[in-house]
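S.K.: here are the coordinates; sequence isn't available:
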């Protein structure tokens with residue numbers, strides 16, 4: 001899951017509240033609004049026509065999604081705060097094009113460029129803090145340019161940029177607090193971040209073919225966010241042991257050993273709040289009871305089929321177990337006294353028992369399972385459930401008191417099931433706002449459901465779906481009035 005660095009968010013938000021002070025927008029073809037020079041999506045083949053050579057308050061120049069190939073000297077006004085060249089197939093950048101913004105320009109973004117070498121024009125930038133380059137096969141990365149930027153650069157994003165070996169210029173960026181790197185490299189040295197050891201806050205390494213983590217991250221005491229998605233990691237070791245890591249994502253790796261995972265997480269047991277493990281090879285739920293601050297757990301797209309192992313701490317509020325092989329609910333769910341969201345889409349659950357999960361859950365998704373019946377025993381007493389998704393289950397029966405305990409329910413979705421009649425138990429859902437019954441081809445509406453008419457009209461429920469060729473809304477609102485009372 002990609003996350004913007006704190007510094008980039010702060011800078012972008014600041015620009016929104018400043019204004020370009022010139023009465024004339026610096027480019028003829030563009031528009032200027034509240035600190036933003038808008039030149040995006042104009043089908044420009046070359047730089048727009050410059051009519052003002054200097055701007056104030058460091059505005060942000062947005063040139064993304066054009067077809068510009070060259071940025072010659074003199075084509076940018078001086079005093080810019082940031083420039084976005086993303087989506088332009090640049091082949092040439094004038095060496096002095098940024099001279100007029102050497103002290104003001106803090107952010108620079110490129111993508112899909114056709115540059116063969118890292119632009120020497122960046123040598124003139126004395127205050128650049130945020131640099132992003134994506135989907136650009138640059139062949140030469142001059143270390144002298146990086147060394148010049150190292151005096152100010154704090155945030156770097158390099159995604160699919162043709163690098164096959166760990167960059168030798170990373171050590172010349174001592175102020176780096178955030179790095180996002182995605183490129184198929186052979187290996188990462190254990191001391192890769194030795195010069196950033198005290199400053200690095202956020203680190204993302206995607207698609208770098210890592211198989212283990214060794215001690216790469218153990219020297220980063222300030223690290224709060226670590227994202228290692230889309231690698232080949234099977235062994236996780238060396239997490240920072242300094243109590244600051246709050247966000248860890250290991251999606252789409254090869255982690256299968258639950259005991260090893262549990263041991264690997266102990267160094268961050270008191271700090272970690274979010275754990276993303278989607279797309280690994282776990283077959284049983286890990287024991288995470290010792291993770292005292294954990295709030296969010298994602299374990300979707302694994303191979304978990306055993307619901308009788310593992311544990312979660314009481315601090316967890318969100319649990320995702322979609323696309324696993326569960327036949328029963330995991331036995332420890334009742335421990336989740338703060339659990340409010342439970343995602344169980346695409347498992348093999350044949351029944352849902354209200355005793356298997358806590359009453360404080362307010363959203364549950366059990367779509368695409370094997371449920372055939374919905375009864376009052378499916379839900380806990382005094383349930384706080386507000387959203388219930390039962391789509392794509394072979395449900396044929398809904399008991400007359402099935403929803404009796406769901407006094408807080410606001411959204412009910414039962415699309416593509418096998419129900420034949422409207423559930424009269426909906427009459428107890430006094431707070432329901434939306435119902436979705438689309439895709440129920442066997443559903444018929446008869447006077448047996450007349451009891452629902454008063455409930456439907458009194459609550460102003462929004463209902464989607466049909467009984468044959470008749471909309472359920474029309475039946476409940478108009479046709480049912482003809483039924484004998």
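M.R.: The structure has been received and is ready for your questions. What you see is a predicted model, and the numbers here were worked out from it, not measured in a lab.
S.K.: would you say residue 481 is within a helix?
M.R.: Yes: the assignment for residue 481 (DSSP: H, G, I helix; E, B strand; the rest coil) places it in a helix.
S.K.: that one contacts residue 453, doesn't it?
M.R.: Yes: with contact defined as Cβ atoms under 8 Å, residue 481 reaches residue 453; the gap is 6.8 Å. Placement of C-beta: from N, CA and C, glycine included.
S.K.: which of the two has more neighbours?
M.R.: residue 453 (20 against 12; other Cβ atoms under 10 Å).
S.K.: helix/strand/coil for that one?
M.R.: Assignment for residue 453 (three-state DSSP): helix.
S.K.: for it, which residues are in contact?
M.R.: Under the criterion of Cβ atoms under 8 Å, 6 or more residues apart in numbering, the contact list for residue 453 reads 476-477, 480-481, 483.
S.K.: just after the least confident helix or strand in the chain by mean pLDDT, pick out the following helix or strand.
M.R.: Scoring the helices and strands of the chain by mean pLDDT, DSSP states H and E places helix 6-16 at the bottom, with a mean of 43. Moving toward the C-terminus from helix 6-16, the next helix or strand (DSSP states H and E) is strand 31-33.
S.K.: for that following strand, buried residues please.
M.R.: Neighbour counts over strand 31-33 (16 or more other Cβ atoms under 10 Å) mark residue 32 as buried.
S.K.: and the contacts of it?
M.R.: So strand 31-33 is contacted by 20, 25-26, 37-38, 59 (Cβ under 8 Å, 6+ apart).
S.K.: who wins for neighbours among those?
M.R.: Of those, with other Cβ under 10 Å as the count, residue 59 tops at 27 neighbours.
S.K.: these two touch, right, that one and residue 37?
M.R.: Yes: counting by Cβ under 8 Å, residue 37 is a contact partner of residue 59 at 5.5 Å.
S.K.: just the helices from the protein, written as ranges.
M.R.: For the chain, the helices defined by DSSP state H cover 6-16, 143-149, 258-265, 451-459, 472-477.
S.K.: looking at those helices, which is buried most?
M.R.: helix 472-477 (a mean of 19; mean count of other Cβ atoms under 10 Å).
S.K.: quick one, what contacts residue 322?
M.R.: By Cβ under 8 Å, 6+ apart, the neighbours of residue 322 are 300-301, 343-347, 365.
S.K.: now the two most distant members of those.
M.R.: 301 and 365 (14.7 Å; Cβ to Cβ).
S.K.: hmm, back to that, the helices of the chain: which one's closest to residue 77?
M.R.: Per Cβ to Cβ, nearest to residue 77 of the helices of the chain: helix 6-16, 15.4 Å.
S.K.: show the end-to-end separation of stretch 433-447, please.
M.R.: End-to-end distance for stretch 433-447, by Cα to Cα, to the nearest Å: 23 Å.
S.K.: could you check how far the spatially closest residue to residue 373 that is not a sequence neighbour is from residue 261?
M.R.: Closest residue to residue 373 apart from its sequence neighbours, by Cβ to Cβ, 6 or more residues apart in numbering: residue 397 at 4.7 Å. Separation of residue 397 from residue 261 (Cβ to Cβ, to the nearest Å): 40 Å.
S.K.: what's the answer for residue 425, then?
M.R.: Residue 425 is 42 Å from residue 261, by Cβ to Cβ.
S.K.: and residue 312, by the same measure?
M.R.: Residue 312 is 14 Å from residue 261, by Cβ to Cβ.
S.K.: what sits against the residue nearest to residue 420 when sequence neighbours are not counted?
M.R.: Among residues not flanking residue 420 along the chain, residue 442 sits closest, at 4.9 Å (Cβ to Cβ, 6+ apart). The neighbours of residue 442, taking Cβ under 8 Å, 6+ apart as the test, are 418-420.
S.K.: flag the shaky bits of the stretch 301-450 of the chain, pLDDT-wise.
M.R.: Counting by pLDDT under 70, the stretch 301-450 of the chain shows no low-confidence range.
S.K.: ranges for the strands of it?
M.R.: Listed in chain order, the strands of the stretch 301-450 of the chain (DSSP state E, counting those that start in this stretch) span 318-320, 341-343, 363-365, 373-374, 387-389, 397-398, 411-413, 434-436.
S.K.: quick one: which of those is nearest residue 121?
M.R.: strand 318-320 (45.1 Å).
S.K.: how far does the closest one sit from its chain's centre?
M.R.: 14 Å (Cα atoms, centre = their mean, to the nearest Å).
S.K.: sheet-wise, list the partners of it with their directions.
M.R.: strand 296-298 (parallel), strand 341-343 (parallel) (DSSP bridges).
S.K.: deepest of those strands, which one?
M.R.: Of the strands paired with strand 318-320, strand 296-298 is the most buried (mean count of other Cβ under 10 Å), at a mean of 21.
S.K.: what sits up against that one?
M.R.: 251, 273-278, 288, 312, 316-320.
S.K.: let's see that with 6 Å instead.
M.R.: 274-276, 278, 316, 318-320 (Cβ atoms under 6 Å, 6 or more residues apart in numbering).
S.K.: and if you look at stretch 164-171?
M.R.: Contacts for stretch 164-171 (Cβ under 6 Å, 6+ apart): 143, 146, 185, 188, 195.
S.K.: try stretch 228-247
M.R.: Outside stretch 228-247, the residues touching it (Cβ under 6 Å, 6+ apart) are 205-207, 209-215, 217-218, 220-221, 223-225, 249-255, 264, 267-268, 270-274.
S.K.: hang on, the earlier thing: buried subset of the contacts of residue 442 as a PyMOL selection?
M.R.: Those of the contacts of residue 442 that count as buried under 16+ other Cβ under 10 Å are selected in PyMOL with:
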select buried, resi 419
